[in-house]
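>>> Quick one, what's the 3D model for this:
(3 chains)
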Amino acid sequence: MYNYNDIQNCLKDSFKILGDPQHIQFDNAKSLTDANSFSICWLRPGISNRETLIDENQCKVFICSEQEEFREMKDKVIILVDNPRLRFLQLVRQLFVKPNTYGIHPTAIIHEEAQISSKVYIGPNCIIGKCIIGDDVVIYGNCYLFDDVQIGNHTTIMPNSTIGGIGFGYERNADSEFELFPHLGGVIIEDHVDIGANTCIDRGTLGNTIIKSGTKIDNLVHIAHNVVIGKNCAVIALAMIGGSTVIGDNCWVAPASTLRDGIKIGTGSTIGIGALVLKEIPDNETWIGVPAKKYI
Amino acid sequence: MYNYNDIQNCLKDSFKILGDPQHIQFDNAKSLTDANSFSICWLRPGISNRETLIDENQCKVFICSEQEEFREMKDKVIILVDNPRLRFLQLVRQLFVKPNTYGIHPTAIIHEEAQISSKVYIGPNCIIGKCIIGDDVVIYGNCYLFDDVQIGNHTTIMPNSTIGGIGFGYERNADSEFELFPHLGGVIIEDHVDIGANTCIDRGTLGNTIIKSGTKIDNLVHIAHNVVIGKNCAVIALAMIGGSTVIGDNCWVAPASTLRDGIKIGTGSTIGIGALVLKEIPDNETWIGVPAKKYI
Amino acid sequence: MYNYNDIQNCLKDSFKILGDPQHIQFDNAKSLTDANSFSICWLRPGISNRETLIDENQCKVFICSEQEEFREMKDKVIILVDNPRLRFLQLVRQLFVKPNTYGIHPTAIIHEEAQISSKVYIGPNCIIGKCIIGDDVVIYGNCYLFDDVQIGNHTTIMPNSTIGGIGFGYERNADSEFELFPHLGGVIIEDHVDIGANTCIDRGTLGNTIIKSGTKIDNLVHIAHNVVIGKNCAVIALAMIGGSTVIGDNCWVAPASTLRDGIKIGTGSTIGIGALVLKEIPDNETWIGVPAKKYI
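Numbering: from 1, shown residues only, chains lettered A, B, ... in the order given. Below you'll find the model as predicted:
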């Protein structure tokens, strides 16, 4: 059972309390609908009837926005923070998420010249080519990494993903047959990158495909050869990033969006869900639609 | 070689016969274009020149609609039913499709605390976490099921699918870095669900992701955290279902459609091919287009 | 270190030289931005400031278009060809790409009745049913091929792909439940076909799904039951080809395009990026948009 001390250890100085700290007792984190009397919950700012929701819920400990007002309620403790979702996730991660365990599963097949930190987890049936893999990297089972994939620290790859495959680069010859452009480049994945399940990142043709630090990629995403994705971007499920396209830092690429090859997406841009982007997007703009146009 | 008795055993009372039942002899099921003189075929209702098609085909046994008229043809037998495609598939399934064989392949890696019925097939290289798996479940090779996946009876999962992965839930902190929202929930898959190949179903954040009985999911589908899909739905290839979206019973989600997060799709709705659904759809409506609008 | 003789051996009579052939010395192939003094590079025809680019680059050997004029530059050698990208790829493939090595990885699981040429590579953890596989076929790790997949010669399949799975064919019965249409057909993949990673090709219901010679398929593509794709087509990432659709020879199906079931795409057609094709396309036309319309 967790109590006030645990809240303090996790959230440091970033909170205030409404109610009696002695009443804080919880052993699980739930959504409001699933909560019981030993849960901790969070309230989305702006939610209607927030006091009634708290009053009628079995849960006794709530993380709420310090921008909103709450009356004191018997047996309830309200923890006021700047960003309830962020503070809730930080607290839950520290208390309820098991830390990674390191080790390479005996069924994983690793290239003898691969350079792999001792602080990694590589799951069953992974096939890892001549790669360089840093500290605290987690690669779940059934992933396939070709040669020349370089991964920084604190990066996670979900199952069934394929990294470093040969890209789709062909040239028709005189007989209208396709001849494959050789792919001599690699893939560079920096630090704190998350890559979802069943996602494909192709190697570069002559240069590298690059995913910069802090970027998060979802399931079933296709990233073609020579793409460069900046820092702290989100690329969400079933997005398609065409070859040699360059995405700046802090971009948001929504689900099922399609970015044609060879374009430049400015820093801080947002691409809407299902958008089809056919041309350059300047910094800090939001584009939506098919084909995508500037929205803001 | 199958004969009239086999038709009777499979279709019971749901058919009438035009022609001599003694002439029924078949050992294969084919389409009209591939049929030979020992095939059984079916005719789509409304097809033009139906009698000529039968007359000129080598095949001698046809399953046709009782709503259409046919003249008697020498050496041909016409089996008249309410729904030819359904009756044909029921008959073919009983006669030509081998029943599942049970067993867990020795290369499958199963969590020691998983609760798995003895009547399952789990294929090579599957990785199964601490899951609960019911009777007559078939999981083809190379699938990855994380902990906390619960599967009912008579459910099938095709190869290379990932069930129960961590979803895409992040919150930007003050440094514009993404912090991962913990995913403490699971995935509940009920009975008679089919899941295609290379499909991803993420676990819930705090609650569960739920796929209800009788629902069929195709290849390369993304189902995000906390989605609920009702009974007897179809979700077809490359569909994207955003987080926390709730789909009612008997819905049809066509290929390559995209449903944004947090919306409600009413019972009996149809979402058209390639549609981009951005808002709630009431019961029994058909929505198409980008963005999707009501069609019927 | 490679020299003039190697160029001659690779390109035969298809080039002219500007500069001193004795100066040709290279040991790597790079893009212009990554090149060093021992690189060979190619220049895209029509690029601006082509002579300045050559002059200021460390690289000394360039493959350029014979349709463009270049002045002689000290220490630089320009190789003039009809199609610089094609000639560059042919040269690089011969000099820098290792030939395939044959062998079946001991962890691959092969059906005892499969008929497999001795000249194939089958990677780790592949699961191969009762298939027929020709010469010089490469199947990377973690692929799943069901029974009844027939593969010609010189075909490559990237990791995590699923070939021959049961397609999405259901019929609702009187209780609104889906019943699966049996899939008794197979998949025929002809010669010189490339199939990307995490791609799904379903078997036919009664007939076969067919991919003809020379066709190239990218990552995360869905090809449904009974599709026929002609010769020398390109089907690019996240494309969705609906059941029984027939695509003629020499077609280009751009990324993230969606082709509904049961339509015919004429020979030599081009389907634009993100297009939604709902009806027949005649020969040699380009269709784009949602829904797709004739563009040229």
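>>> doesn't residue A:159 make contact with residue A:195?
No - applying Cβ atoms under 8 Å, one finds residue A:195 not in contact with residue A:159, separated by 10.6 Å. (Each C-beta comes from the backbone N, C-alpha and C, glycine too.)
>>> which bits of the stretch 101-250 of chain A sit near chain C?
Residues of the stretch 101-250 of chain A lying near chain C by Cβ under 8 Å from any Cβ of the partner chain: A:107, A:109, A:125, A:127, A:142, A:144, A:160-162, A:165-166, A:168, A:170-173, A:176-182, A:184, A:198-200, A:202, A:205-207, A:220, A:222, A:224, A:238, A:240, A:242.
>>> repeat that for 6 Å
Residues of the stretch 101-250 of chain A lying close to chain C (Cβ under 6 Å from any Cβ of the partner chain) are A:109, A:125, A:127, A:142, A:144, A:160, A:162, A:165, A:168, A:170-171, A:176-179, A:181-182, A:198, A:200, A:206-207, A:222, A:240.
>>> Buried only: go through the residues you listed for me.
A:109, A:125, A:127, A:142, A:144, A:160, A:162, A:165, A:168, A:170-171, A:177-179, A:181-182, A:198, A:200, A:206-207, A:222, A:240 (16 or more other Cβ atoms under 10 Å in any protein chain shown).
>>> Restricted to strands, list those residues.
A:109, A:127, A:144, A:162, A:165, A:170, A:171, A:178, A:179, A:200, A:222, A:240 (DSSP state E).
>>> can you put those in CSV and add distance to chain B?
Converted to CSV, those look like this (distance: Cβ to the nearest Cβ, whole Å):
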residue, distance to chain B
A:109, 12
A:127, 11
A:144, 11
A:162, 10
A:165, 14
A:170, 23
A:171, 28
A:178, 24
A:179, 28
A:200, 10
A:222, 11
A:240, 11
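>>> possible to save the residues you listed as TSV with pLDDT?
Formatted as TSV, these follow (pLDDT from 0 to 100):
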residue	pLDDT
A:109	97
A:127	98
A:144	98
A:162	98
A:165	98
A:170	94
A:171	91
A:178	95
A:179	93
A:200	98
A:222	98
A:240	98
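>>> Select, from these, the two members most distant in space.
Between any two of those, the greatest separation by Cβ to Cβ is 33.4 Å, found for A:109 and A:171.
>>> Helices along chain A, start to end?
A:4-11, A:50-56, A:84-96 (DSSP state H).
>>> Make a markdown table out of those and add mean neighbour count, mean pLDDT and distance to chain C.
Converted to a markdown table, these look like this (neighbours: other Cβ atoms under 10 Å in any protein chain shown; pLDDT from 0 to 100; distance: least, Cβ to the nearest Cβ, whole Å):
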| stretch | mean neighbour count | mean pLDDT | distance to chain C |
| --- | --- | --- | --- |
| helix A:4-11 | 16 | 93 | 38 |
| helix A:50-56 | 14 | 93 | 37 |
| helix A:84-96 | 20 | 93 | 30 |
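>>> Verify the contact between residue A:88 and residue A:63 for me.
Yes - counting by Cβ atoms under 6 Å, residue A:88 sits close enough to residue A:63 to count as a contact (4.8 Å).
>>> Identify the contacts common to the two.
Jointly contacting residue A:88 and residue A:63 under the rule Cβ atoms under 6 Å, 6 or more residues apart in numbering or on different chains are residue A:42.
>>> What is the neighbour count of residue A:285?
By other Cβ atoms under 10 Å in any protein chain shown, the residues close to residue A:285 number 15.
>>> List the beta-bridge partners for the closest residue to residue A:45 other than its chain neighbours.
Leaving aside its chain neighbours, residue A:45 sits nearest to residue A:65 (4.1 Å; criterion: Cβ to Cβ, 6 or more residues apart in numbering or on different chains). Per DSSP bridges, the residues bridged to residue A:65 are residue A:81.
>>> pLDDT value on residue A:223, please?
Model confidence at residue A:223, expressed as pLDDT, equals 98.
>>> Just give the nearest non-adjacent residue to it, would you?
Per Cβ to Cβ, 6+ apart, closest to residue A:223 is residue A:201, 4.4 Å.
>>> What distance do you get for the closest residue in space to residue A:70 that isn't next to it in sequence to residue A:89?
Using Cβ to Cβ, 6+ apart and skipping the chain neighbours, the partner closest in space to residue A:70 is residue A:78 (5.1 Å). Plainly put, residue A:78 is 18 Å away from residue A:89 if you go by Cβ to Cβ, to the nearest Å.
>>> How about residue A:102?
Noted for residue A:102: a distance of 24 Å to residue A:89, by Cβ to Cβ.
>>> for residue A:66, same thing?
Going from residue A:66 to residue A:89 by Cβ to Cβ gives 17 Å.
>>> ditto for residue A:173
For residue A:173, the distance to residue A:89 (Cβ to Cβ) stands at 54 Å.
>>> ditto for residue A:46
From residue A:46 over to residue A:89 (counting by Cβ to Cβ), the distance is 18 Å.
>>> and if you look at residue A:120?
Distance of residue A:120 to residue A:89, given as Cβ to Cβ: 24 Å.
>>> Residue numbers of chain A in contact with chain B?
So far as Cβ under 6 Å from any Cβ goes, chain A lies against chain B at A:30-31, A:34, A:85-86, A:89, A:92-93, A:97, A:124-125, A:141-142, A:158-160, A:197-198, A:214, A:216, A:218-220, A:232, A:236-238, A:250, A:255-256, A:273-274, A:290.
>>> Quick check, central residue of chain A?
residue A:216 (3.3 Å; Cα atoms, centre = their mean).
>>> Would you agree that one is in contact with residue A:234?
Yes - counting by Cβ under 6 Å, residue A:216 touches residue A:234, with 5.2 Å between them.
>>> coming back round to it: just want to know which of residue A:195 and residue A:159 has more residues nearby.
residue A:159 (31 against 27).
>>> Need the phi and psi values for the more buried one.
Here is the backbone geometry of residue A:159 (degrees, to the nearest 10): phi -60, psi 160.
>>> Could I get the contacting residues of it?
By Cβ under 6 Å, 6+ apart, residue A:159 lies in contact with A:140, A:141, A:142, A:197, B:144, B:162.
>>> Quick check: the residue lying closest to it once chain neighbours are set aside vs residue B:164, distance?
Setting aside the residues directly before and after it, residue A:159 is nearest to residue B:144 in space (Cβ to Cβ, 6+ apart), at 3.7 Å. Residue B:144 is 8 Å from residue B:164, where distance means Cβ to Cβ.
>>> repeat for residue A:241
When distance is defined by Cβ to Cβ, residue A:241 is 26 Å away from residue B:164.
>>> and if you look at residue A:230?
In terms of Cβ to Cβ, residue A:230 sits 30 Å off from residue B:164.
>>> Quick check: pLDDT value at residue A:281.
pLDDT for residue A:281: 98.
>>> I figured it was touching residue A:264, is that so?
No - applying Cβ under 6 Å, one finds residue A:281 not in contact with residue A:264, separated by 7.6 Å.
>>> Run a quick neighbour tally on the residue nearest to residue A:50 when sequence neighbours are not counted.
Among residues not flanking residue A:50 along the chain, residue A:43 sits closest, at 5.8 Å (Cβ to Cβ, 6+ apart). By the measure other Cβ under 10 Å, the count of residues near residue A:43 is 22.
>>> Correct me if wrong: residue A:43 contacts residue A:64.
Yes - using Cβ under 6 Å, residue A:43 makes contact with residue A:64 at a distance of 4.7 Å.
>>> returning to what we had before: neighbour count: residue A:230 and residue B:164, which is higher?
Using other Cβ under 10 Å, the more surrounded residue of residue A:230 and residue B:164 is residue B:164, with 27 against 21.
>>> And the more buried one, how close does it get to chain C?
Residue B:164 sits 18 Å away from chain C, going by Cβ to the nearest Cβ, to the nearest Å.
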